[in-house]
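[1] for reference, the sequence and a predicted model appear below.
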Amino acid sequence: MKNKVNADAKCNFKNRSNGSDIDLSKKIEFLFDEKKTYAYKGDNLASALYASGRRVFSRSFKYHRPRGLLCVGGNCPNCLVTVNGVPNVKACEKPVEMEMVVTSQNSWPSLNTDFFSIFDKMGWLMPVGFYYKFFHTPRILWTIASKIIRRIAGLGSISNSFIDKGKYQHSNKHSDVVVIGGGPAGMSAALSAAKYGAEVTLVEKSNYLGGHLRWNRPTEINKIPELDLSITTKLVSFLSAEINKSKLIQVMNNASVFGDYENNLLGILKEKSFIKLRAKTVIFATGSHELPSTFENNDLPGIMLCSAIQKLIRLYGITPCKRAVIFGSSDFIYETALDLNDIGVENITIVDQRKSIEVDIELLDEAKARKIEILFEYTVLKGVGGSDIKGCIVAPLDDFNKSKRIACDLLAISGGFQSNFGLLQQAGFKFRFDSKLDQFIPSGEVKGVFHAGRVSGSESVELDILSGRKAAMEAVLFAGFEVPHVENRQKEIEQLIENNKETSLKEDLNLENKLKQTGKSFICYCEDVLVKDVKTAIHEGYSDIETLKRYTTVTMGPCQGEMCQNTFAKACSIATNVDVDTVGLTTRRPPLIPVPLRAIANPINLVSHATSMDRMHRKSNAYMVDIGSWQRPLHYGDPVKEALSVRNKVGIIDVSTLGKLDIQGVDSGMFLDKLYTHRYSNLKQAKIRYGILCADNGTIMDDGTVTKLNDQHYFVTTSTAGIESIEQWFKWWKVSMKQSVYITNVTSAFSAINIAGPDARNTLAKLTDIKLDTNRFPYMTSIQGKVAEIDVLLLRVGFVGEVGWEIHFPSEYGEYMWDALLSAGKEFDITPFGVEAQRILRLEKHHIIPNQDTDILSTPLNSGAEWAVKFDKDDFIGKQALVFDKNKGLDSLLVGFIMEDQKIPDDGDPVIMDGKPIGKVTSARNSPVFGKGFGLVSLPISFAKEDTPIFIRVNGENLPARVVTSPLYDPQGEKLKL
Amino acid sequence: MKKHYDVVIIGAGVHGLATAYYLAKMGITNVAVFDKGYVGGGGSARSTAIIRANYLTVEAIPFFRESLLLYEQLSKEFKFNILFNQMGRLDLGHSESDIYNLNLRAEFNQALGVDSRIIKPEEIEKIEPRLDLRKGKHHPVLAALWHSPAGTVRHDAVVWGYARAASKLGVEIFPFTEVKGFIKSTSIIKGIDTDKGEVFADTVVNATAAWSSDVMSLIGVTLPIITYPLQAMVTEPLKPILSATISSPKLHAYAYQTDRGEIVMGGPVDPYPTYSQKSTLYMLEELATFVLELLPCLKDVNVLRQWTGLCDMTPDYAPIMGFVEEVDGLVLNCGWGTWGFKAAPISGKMIAQLIGNNKTPDLIKPFNLSRFKSGKLVNEKASATAAALH
């Protein structure tokens, strides 16, 4: 049990001093790994756990090494925990709430004693890409190995509960200017933009404005116009107050922009809401983040970024250590040392890789005055310790043999900064590596998108403020606002920026020194990738950055490359001898921050439509199913009985889901002639004609009926599922043909009931004065009139093969009309019938259903509907292709079949010839009238002849059937005309 | 770079490299592969790499069946693990018309020697207990097509495997080398013009997927191909929770868990043609919605990345393989839409045979370019989950 640490023993509630974010008067209790732990209001899980003595927060992905706090900024994977059952929550971004249940992840049996940490000792067994190199022969080996690897990899587990705790609110917002980042640059940009009259949304990911000024050591500010302050401490409150005063600025805090999509559409998560913010223009003031240094064991708990130390001190009032070593090559490490010293840490050693002359003289003097030990031109070679840092090995840069060990309980590191460029990359910016700044910064321009502050490479508060003002001016100009004396102002601000640029004393460090390659020197904390792994992979031939990323998986973990991208490019540069700029960056894709699925899921996409008679169906115990986006009754208990009832008596079916288009205008007839294969311009008033809509290539898109109400007014029905695309199709052609046609989708405005059967006429006659006898109301005609006192359009059509009418009427009368028909038909034994009965009935008539009996290669010709194609018309959509097909001759044809014995095939069963499938059953049912299986089948043309014997494979058995080319029921259609 | 190669292949994705490898295996080793980007950086880099053979038509089923058999042997052949995990695949049916299509596939698969069958919710639950199988929900799971030999591979590993094996046999690969034009004498191809100079060849293979119609326009050949974006996303790694690849043809969504623990999810082809590979917020929302309808247990899981690849869609949802009638020595290996990765081994092998023997192998005869002239199309729409919108 070597991995056992005594971290638990330290889990006491330590004294805390006042931090800006916490309220010492309000104590909160929560559970961490079943142990009671305390926090103050304002603490996040990371600060509370650290304050309580916890150093190990998680176990790493591959080697299961202990990991502690590193960045306290949401940029690394080290503090991932499970909170109230939700896995992979960053502790440093999760405010503590009362009675929160927090557990550690990726460790077994416990965080302190992780069995799988034996992998840490077996690193030689897991070189980079080890899973590609091993387990390839024999095949069974990978089957076994993958099961084990799956168990070891992966971070959090999830529960299986279906309960959705707390829904996310979805909303859409608009803004002239969106400023992302509430630090000095962002605040300054927002204020400037508002001054020019723009509506500004200032998005800040934390609860507070101020950015790095909130935790950085205060510094003096040079004189800037319109800013009467000399020290940074007052800057945040000053700018905040100005922002609060402005009526044009809306601050959106605790809000993270996770994606910059096409045309400045920003995806934002704000607590329990998901906001889509559409901006005229965006200013990115997303700041920068600190990077770790690379040396052996650079991942030990107790090694933290300098900015993380400053946050623990200033925001959370934590004294993080007793004895600190601070390592880096910038003035920032001196500021951190002074901060630690301020709160009583006396024993501090600075390990500076630079020469003494490169250090800011005031800081150096101050550090010396406080008796802080400074080692110039020294570096850290190795961290020492297990589950907690015990010390480090340091050595002069020019001679690693003269190493020595320094004891410490905190190793603060600063490997430089990297601009938070993720969103800018999504917005389309390119990047260049600036060797002075030692980071990638944006280059070039993208229309409507601007940037300011640290993300643009600023290193001072003055430049933050000024670049914010400059970006604001550019942004408001882009958004169409006027800036008075714009040229003067631009010149003025350029001049100010020039004056405030510092001449850096920095020298480029030898990259080799910065990236120590021995031992476990981590580049990527998420995926446990070492510096030497990158080198190995390059030697194996994965030498360009994209291939290297995919082979080593660097940048592909939960931190999305925040911690590693910069170092990765450098490592690649060293190993391939190509400069860092040429190596370049891999793409940071959205979402920039991990986004929970349920936050963005939009159940509105799953809404189903109910007809106006829905309640009546449910009352009659209908079995409802989804058809297209509608809920429809499949049957009311016995579909066969329902079908027979229509054949022998009378039935009604709710056909409100039929798509309905109202077509008006002088060109209507011509327009329909062009779209449909049939002809409509010659249709007599009140007549109805079946129609097929084809695509350019002659394949069937949809079918339905067209009724001519008058010369300039047609009523069109489409299939239930087809209406949306057909409406678009119609409108697209209307526009491109420049015709005077008005198309209105009236699908939901009108409900429809089909009444059919020998007694349909008698039933309907009880409710209307319209003469229904076949002379005055023949088949395929329409009449407008009243049924049950309601204005209706009656269409005499016959989908199910009996005398019948489609009654179209205003939807608000749905339930009334349904009831009226049922009451009127009572004496004739009327039955409501569902979709299943309708399918049986129409199949007996060989009436096709698009997409059931047709596929993407079906044309009217090979679907047996050539009669509905008028080749003598001038032109119609699909004509050219259909003429081609007709001349070529058909390959296949949709025909009927009937089984020779009692078995019934399923829809989709194949037709077998010589052991091979040659055709398919598109629809099959048992005929209640004939008592046999029958249906429609698509067959090669040579088989599609009356009485041809075929074999259909039903449940693995080839059963005999024969082809029938005319409908099973009423082949001459006489019943329809009765 | 030599002055002359027997075969020049444009596109160093999985198809180009597989073609090169099988050519070299046949002894044709004087082969060069060119790519304007890095090796496997186009569609291959973006594929979610599901390997299956449960297609719909008599043309496609045997083709993909053979591909799957080749995939089973690849790790051994390369001595490089492509991480083929044969976890099986569930295509879910939510409605009667879904089940019709699934049954069509099951029946045709069985008739043509592919192991797939319709299973009921009780059996689905045993295979994938995390699926939401509650009755009466909006999209209830009524049945599924279970295709047990299906699985996933690590897409990059397949590309690298082919690249390594091909170059060991003498094939030369030139990444970051863009083809600018073709060299032609009357109707015979003579070579290509790249940004690094001219290269002569007896045979030129176009294996550039989404860019194949662009590349062909350089030589005046029009392909019936339109390029559409196709999006996918991946979550953070989780402990094992899913065991099969799950697909819903109706919702146009699919998901599976990788060996590393991430959940990979994909959606339908976007409804507009473009070469832009920018992901959209709309697709993120839609995919999240549909995946949660199937797997509500993933509600608190975080999405880490979304990305977009490009698909070279043909009118009949089937690939184009074979000679080009108008230009001697020009060979097509394109039109791979959403079904390309799973076909790479067999298409590579068949194209290699076609070149080596100067004769189109029977297996790929139905997929020639001239079918768009003769009208003998292949109908693979119903089985291409991702293509369902088109």
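    Received it, and whenever you're ready, just let me know what you need.
[2] check the offset of stretch B:20-38 from the chain's centre.
    Distance of stretch B:20-38 from the chain centroid (CA atoms, centre = their mean, to the nearest Å) equals 19 Å.
[3] what does stretch B:9-17 give?
    13 Å.
[4] in chain A, which residue is closest to the centre?
    A:I600 (6.5 Å; CA atoms, centre = their mean).
[5] wait, that one sits on B:M283?
    No - look at A:I600 against B:M283 with CB atoms under 8 Å: they stay out of range, at 10.4 Å. Quick note: C-beta positions are derived from backbone N, CA and C, even for glycine.
[6] mind exporting whichever strand or helix holds A:F30 as CSV, just the C-alpha atoms?
    Element membership for A:F30 (DSSP states H and E) is strand A:23-32. The C-alpha trace of strand A:23-32 is given here as CSV (Å, rounded to 0.1, in the frame of the first residue of the first chain):
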residue,chain,number,x,y,z
ASP,A,23,-17.9,35.4,3.2
LEU,A,24,-16.3,34.2,6.4
SER,A,25,-19.5,34.6,8.3
LYS,A,26,-21.3,31.9,6.3
LYS,A,27,-20.2,28.3,6.7
ILE,A,28,-21.4,25.6,4.3
GLU,A,29,-21.2,21.9,4.8
PHE,A,30,-20.8,19.3,2.0
LEU,A,31,-19.7,15.7,1.5
PHE,A,32,-16.5,14.8,-0.2
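[7] pull out the buried positions in that strand.
    By 16 or more other CB atoms under 10 Å in any protein chain shown, the buried positions in strand A:23-32 come out as A:I28, A:F30, A:F32.
[8] name the nearest residue to A:A721, ignoring sequence neighbours.
    Leaving out its chain neighbours, the residue that sits closest to A:A721 by CB to CB, 6 or more residues apart in numbering or on different chains is A:G628, at 3.6 Å.
[9] now do the domain split for chain A, please.
    A:7-133, A:169-289+A:419-500, A:292-414, A:511-597, A:614-658+A:749-833, A:659-746, A:843-877+A:888-977 (automatic domain parsing).
[10] the second one: how far from the chain's middle?
    The gap between where domain A:169-289+A:419-500 is centred and where its chain is centred comes out at 26 Å by CA atoms, centre = their mean.
[11] again with the shortest one
    Here domain A:511-597 is found 26 Å from its chain centre; the criterion is CA atoms, centre = their mean.
[12] so for that domain, mean pLDDT?
    Averaging pLDDT along domain A:511-597 gives 88.
[13] so where is chain A shaky, pLDDT-wise?
    For chain A, the stretches with pLDDT under 70 are A:1-15, A:122-126, A:160-166, A:503-513.
[14] for chain B, give me its nearest residue in it.
    A:G154 (2.8 Å; CB to the nearest CB).
[15] rewinding a little: deepest of the domains of chain A, which one?
    Ranked by mean neighbour count, those are led by domain A:511-597 with a mean of 22 (mean count of other CB atoms under 10 Å in any protein chain shown).
[16] OK, contacts around A:L191?
    A:L239, A:E242, A:I243, A:S246, A:I249, A:A472 (CB atoms under 8 Å, 6 or more residues apart in numbering or on different chains).
[17] in strands, which of those residues fall?
    A:I249 (DSSP state E).
[18] surely A:D667 touches A:I743?
    No - with contact defined as CB under 8 Å, A:D667 and A:I743 do not form a contacting pair (11.4 Å).
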